[in-house]
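Asker: The following comprises the amino acid sequence and a computationally predicted model.
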Amino acid sequence: MTRRFSTHAILLAAALSLSGCGTVSGITGLGWITPSSDKITYNDTKWCVPRDLKQVLNRLSDRFGRVTVLSTKRWWLENWWKGGAGNSYHLNCRAVDFRVNGDPQEVLAFLRAQPEVGGYKRYSGGFYHIDNGPRRTW
């Protein structure tokens, strides 16, 4: 009985780790139980948005309207294919790429004013990136 339980626990831990739930933001970030505004559409994994960034997205949708989440969790190969940094916060469920209507300067000012946002950027393709790492832009 104990051996069977240990095997199940190991398999569960491996599955959670591979899914990204074993990361700090996946388990302790509680993003998966934090509700999202009905003005947010997820074209990627909703469970992988940490609580602090999900709250920013909710406030963003209240201010600017519909938000479309394009990218959250990335596996290393996908990250490489998309040209992501080797230490990308997407690899650990700590980053979100999204689209939102609104004047880009106003959106960036709004993101800059959010204490939960570390990294932020608007890409030339018209989408934005936020993460909960240290404060920076590039």
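Answerer: Thanks, I have the structure now.

Asker: going forward, measure contacts between C-alpha atoms and count neighbours the same way
Answerer: Will do.

Asker: what bits of this protein have low per-residue confidence?
Answerer: Where the chain drops to pLDDT under 70, the residues are 1-32.

Asker: can you map out the strands along it?
Answerer: Counting by DSSP state E, residue ranges of the strands within the chain are 40-42, 67-71, 95-100, 120-122, 128-131.

Asker: nearest to Ser61, of those?
Answerer: strand 67-71 (5.9 Å; CA to CA).

Asker: Going by residue numbers, what spans are helices in this structure?
Answerer: Under the criterion DSSP state H, the chain contains helices at 2-19, 24-27, 51-64, 76-81, 104-112.

Asker: which one is Asp97 nearest to, not counting chain neighbours?
Answerer: The shortest distance from Asp97 to any residue that is not its chain neighbour, by CA to CA, 6 or more residues apart in numbering, is 4.4 Å, and that residue is His129.
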